[in-house]
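A.B. asks: Model the structure of this input:
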Amino acid sequence: MQDKPTETAKLIVGLGNPGGRYEKTRHNVGFRVVERLADRWKACGRFAHDGVLYDVRMDRAGRTAQRALLLKPHTFMNRSGQAVASVVRYYRLASEDVLVVLDDIALPSGKLRLRMSGSAGGHKGLSDVIDALGVEAVPRLRIGVDSPPDFMAAEDYVLGKFSADEQALIERAVELAADAAEDWLFDNPSEVMEKYNRTANRQAGNG
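C.D. replies: From the prediction side, this is the model:
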C-alpha cells in the first residue's frame with residue numbers, strides 16, 4: 001500500500017449497492033453521479049477501502065488545484081459508513097470535506113438539495129455514514145426520486161428502476177448533481193447551496 005498522503009483532499013461519495021441487479025435503480029443515483037464525474041475526469045478506479053476509489057487532481061482557472069477522491073462503497077447501502085470511514089481515516093479528512101450523494105424519496109424526482117449538516121432523514125446509508133464518522137456535520141447532496149405509491153414499501157420502491165417518463169429528468173439531475181459536486185470542491189458551500197438548490201427547484205418544476 002502506498003504511503004499515507006500529506007496533500008489535503010476532498011472526498012465525493014456516491015451511495016448505492018454493488019452488482020448488476022442494482023444498476024440504475026433509484027437507490028443507486030449516487031453511484032451514477034460518481035460514474036459521471038469519473039467519465040468527465042477520465043479517472044480510473046481501483047478497489048480499495050471496501051469500494052471503488054478514484055484519485056484525481058482537479059484544476060480550475062484562478063483556483064488552487066484540488067485533489068479529489070471519488071468513492072463507490074461496495075459494502076452495500078446500509079453499511080456505507082464502513083467504506084467511508086476507512087477512506088476518511090487513511091487520508092486524514094475532516095468530515096466537512098466529505099460530500100455524500102444519495103437518493104431521497106422525500107423530494108420530487110429530479111430535485112436536488114444540498115446541505116452541509118443535519119440528520120439522516122431516515123436514509124439508512126447516510127445514517128450509517130454519520131454513525132461511522134461520529135458527526136452530523138457531513139455535507140450531503142440529495143437527489144429526489146419521488147415517494148413510493150401507497151401500495152409499495154419504501155424498501156421495494158428504491159430498489160426499483162425509474163419509469164420511462166422519469167428517465168430524462170433523472171439524467172438531467174445526475175448531470176446537474178455532478179456540476180454541483182465539482183463546484184463544491186472549489187467554491188464557498190453557501191454559494192453552491194444557493195445556486196443548485198434554486199436551480200434544481202426550477203428544473204423539477206417546483207418553484
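A.B. asks: Now stretch 149-162: buried residues?
C.D. replies: Neighbour-count burial for stretch 149-162 flags 157-159, 162 (criterion: 16 or more other CB atoms under 10 Å). C-beta here means a position set from N, CA and C on the backbone, and glycine is covered the same way.
A.B. asks: so residue 96 sits in a helix?
C.D. replies: Yes. Counting by DSSP: H, G, I helix; E, B strand; the rest coil, residue 96 falls inside a helix.
A.B. asks: Please verify my assumption that it contacts residue 139.
C.D. replies: Yes. Assessed by CB atoms under 8 Å, residue 96 is found in contact with residue 139 at 6.5 Å.
A.B. asks: Against residue 157, how distant is the residue of the chain most remote from its centre?
C.D. replies: Distance to the chain centre peaks in the chain at residue 151, reaching 28.5 Å (criterion: CA atoms, centre = their mean). In this view, residue 151 and residue 157 are 10 Å apart by CB to CB, to the nearest Å.
A.B. asks: got it, and residue 120?
C.D. replies: Counting by CB to CB - residue 120 and residue 157 are separated by 18 Å.
A.B. asks: any chance you could map the strands in this structure?
C.D. replies: Secondary structure of the chain by DSSP state E: the strands cover 9-14, 46-48, 51-58, 66-73, 98-104, 112-115, 140-144.
A.B. asks: Kindly provide the whole-number mean pLDDT of the shortest one.
C.D. replies: Read it as strand 46-48. On average, the pLDDT along strand 46-48 is 97.
A.B. asks: which residues are in contact with both of residue 96 and residue 139?
C.D. replies: Shared contacts of residue 96 and residue 139, defined by CB atoms under 8 Å, 6 or more residues apart in numbering, comprise residue 116.
A.B. asks: Please say which of those two ends up with more neighbours.
C.D. replies: Per other CB atoms under 10 Å, whichever of residue 96 and residue 139 has more neighbours is residue 139, with 23 against 14.
A.B. asks: residues in contact with that one?
C.D. replies: Residue 139 touches 96, 98-100, 114-117, 184, 189, counting by CB under 8 Å, 6+ apart.
A.B. asks: hmm, try it at 7 Å
C.D. replies: 96, 98-100, 116, 184, 189 (CB atoms under 7 Å, 6 or more residues apart in numbering).
A.B. asks: now swap in residue 51 and tell me
C.D. replies: With contact set as CB under 7 Å, 6+ apart, residue 51 has these partners: 71-74, 83.
A.B. asks: Likewise for residue 25?
C.D. replies: Neighbours of residue 25 in contact, by CB under 7 Å, 6+ apart: 158-161.
A.B. asks: Need these in CSV (columns: distance to residue 35 and pLDDT).
C.D. replies: Below are the contacts of residue 25 laid out as CSV (distance: CB to CB, whole Å; pLDDT from 0 to 100):
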residue, distance to residue 35, pLDDT
158, 18, 97
159, 19, 97
160, 20, 97
161, 16, 96
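A.B. asks: Dump those to a markdown table, plus distance to residue 169.
C.D. replies: As requested, the contacts of residue 25 are exported to a markdown table (distance: CB to CB, whole Å):
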| residue | distance to residue 169 |
| --- | --- |
| 158 | 17 |
| 159 | 19 |
| 160 | 16 |
| 161 | 14 |
